[in-house]
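Colleague: Fold the following for me, if possible:
(5 chains)
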Amino acid sequence: MLIAEIIGTVTSTIKVKKIAGTKLKLARTINPDGEPTGKYFIVEDGVGVGNGEIVLLSDDDIAINRIVGIQQTPIKSAVVAKVDKINIYDLEE
Amino acid sequence: MLIAEIIGTVTSTIKVKKIAGTKLKLARTINPDGEPTGKYFIVEDGVGVGNGEIVLLSDDDIAINRIVGIQQTPIKSAVVAKVDKINIYDLEE
Amino acid sequence: MLIAEIIGTVTSTIKVKKIAGTKLKLARTINPDGEPTGKYFIVEDGVGVGNGEIVLLSDDDIAINRIVGIQQTPIKSAVVAKVDKINIYDLEE
Amino acid sequence: MLIAEIIGTVTSTIKVKKIAGTKLKLARTINPDGEPTGKYFIVEDGVGVGNGEIVLLSDDDIAINRIVGIQQTPIKSAVVAKVDKINIYDLEE
Amino acid sequence: MLIAEIIGTVTSTIKVKKIAGTKLKLARTINPDGEPTGKYFIVEDGVGVGNGEIVLLSDDDIAINRIVGIQQTPIKSAVVAKVDKINIYDLEE
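Modeller: I've put the predicted structure just below:
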């Protein structure tokens, strides 16, 4: 799973049926220090998070079908956890 | 799913049967501000979009078979939504 | 699918049975303007193309098994179309 | 599989059921010389390793279900081995 | 499949059962001219190659289970061919 930050939402009227009714959010990947790493994903929110919150993203197909509640959804990434804290080991380098 | 912009089409006469009859479009990935991020994909258009439009791309195999209407299609990416608006949270950094 | 250019072949005597008899070609990915983007793949040729030709590559497992004609082939990428023309929309930026 | 270093843990209270009870660790990929290569993954620990240890990461779905002990877990990466030593061939270049 | 060079081995005592008994090798991806492209993989050797040899790597799940001889192995990449020669087309650019 990847660490990411929720930074917005996406509005779409014209879309395939299999994503109708979903609430798509915009996530950007970050490193453990919170710095963006340059990748953006449109994701389903499986836990209920808001803008600015740090999350874990999964791209497991079967798990996402379950989270989205739609079999064979084209959605490929979902928020599966809200991160409370990232504990980084004191690396001596 | 990724955010992308439709920027053209591809013409091909010689191809495997499983993509015959498809209308392949050229997409480039963009960030939420609309800047290209350097990746290009040949995609099936599942919703009917034109050049210059912002879309969501999915690479889910089963969903794409459904969208393309061909089982076991080699097409690996499809437009699944036309984006009306990307709402970016006011990040203070 | 990705846009690529066929730039050579690979000769191999010692290999697993499941790729014996295949004709492996060397492809490099390019952008729509024909510039190499730095990735190289060893691919099966599903349509019959020559060096210097522009193609579409697919990495769909099931489709590739069909193209290669070997179930459970380790080959992961195949030429599925010869590109006649890439039509790029006149982007004003 | 990738070479990585365990550098911390992640604490999360709000998460989907399928990852409840797991002990998620933070890993960063490294090259054979131990230098970070810029990618971070949240992983399940299948062997019991501590901070600063070098490991092998796998992202095989079925293998991870077995390691995590949860079918259809959204966890996509797991520690499958603790590395004792990486033996690099003396390359003359 | 990717072109790579075998550059070493990995020693591991503590590991999950599904990789016990395997002989893991260290590979780095290279371009057709032999220059490293910055990616490293721990791979199963399906054909019997030594350090410094050029190989083709596959990451096909089912093919790798067969090569490793273990169902549901977490190993995700395997040497499937020893490369005798890469024949590059004379590109005029």
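Colleague: Low-confidence stretches in chain A?
Modeller: Applying pLDDT under 70 to chain A flags the ranges A:91-93.
Colleague: rerun that using 80 as the cut-off
Modeller: Residues of chain A that meet the criterion pLDDT under 80 lie in A:90-93.
Colleague: any idea how far the residue positioned nearest the centre of chain A is from chain B?
Modeller: In chain A, the C-alpha nearest the mean C-alpha coordinate belongs to A:V79, at 3.8 Å (CA atoms, centre = their mean). Applying CB to the nearest CB, to the nearest Å, the value for A:V79 to chain B is 13 Å. All C-beta atoms are positioned from the backbone trio N, CA, C, and that covers glycine.
Colleague: Quick check: which element contains that residue?
Modeller: Using DSSP states H and E, A:V79 falls within strand A:78-82.
Colleague: repeat for A:A63
Modeller: Using DSSP H and E, A:A63 falls within helix A:61-68.
Colleague: give me the residue from chain A nearest chain C.
Modeller: Closest contact between chain A and chain C, by CB to the nearest CB, is at A:D61 (13.4 Å).
Colleague: What count of nearby residues applies to that residue?
Modeller: 19 (other CB atoms under 10 Å in any protein chain shown).
Colleague: now it, nearest residue through space, not along the chain?
Modeller: B:D60 (6.8 Å; CB to CB, 6 or more residues apart in numbering or on different chains).
Colleague: these two touch, right, A:E5 and A:I30?
Modeller: Yes: counting by CB atoms under 8 Å, A:I30 is a contact partner of A:E5 at 5.2 Å.
Colleague: Point me to the residue of chain A nearest chain E.
Modeller: For chain A, CB to the nearest CB, closest residue to chain E: A:D61, 13.4 Å.
Colleague: In contact with the closest residue to A:I62 other than its chain neighbours, which residues?
Modeller: Closest residue to A:I62 apart from its sequence neighbours, by CB to CB, 6+ apart: D:Q72 at 4.7 Å. Counting by CB atoms under 8 Å, 6 or more residues apart in numbering or on different chains, D:Q72 makes contact with A:60, A:62-63, A:66, D:18, D:65.
Colleague: just the buried members of those residues?
Modeller: Neighbour-count burial (16 or more other CB atoms under 10 Å in any protein chain shown) applied to those gives A:60, A:63, A:66, D:18, D:65.
Colleague: Quick check: the farthest pair among the residues you listed?
Modeller: A:R66 and D:N65 (13.4 Å; CB to CB).
Colleague: tell me the contacts of the spatially closest residue to A:I64 that is not a sequence neighbour?
Modeller: In this structure, A:I64 finds its nearest non-sequential neighbour in A:A78, 4.8 Å apart by CB to CB, 6+ apart. Going by CB under 8 Å, 6+ apart, A:A78 touches A:43-46, A:57-59, A:63-64, A:67-68, D:74.
Colleague: which one of these is nearest chain B?
Modeller: Proximity of these to chain B (CB to the nearest CB) peaks at A:V43, which lies at 7.8 Å.
Colleague: give me every residue that touches that closest one.
Modeller: Contacts for A:V43 (CB under 8 Å, 6+ apart) come out as A:4, A:24-27, A:57, A:75, A:77-79, B:1.
Colleague: Could you do A:I67 as well?
Modeller: A:44, A:46, A:78, A:80, D:16, D:74.
Colleague: In PyMOL, how would I select just the buried ones from those residues?
Modeller: Here is the PyMOL command that selects only those of the contacts of A:I67 that count as buried (16+ other CB under 10 Å):
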select buried, (chain A and resi 44+46+78+80) or (chain D and resi 16+74)
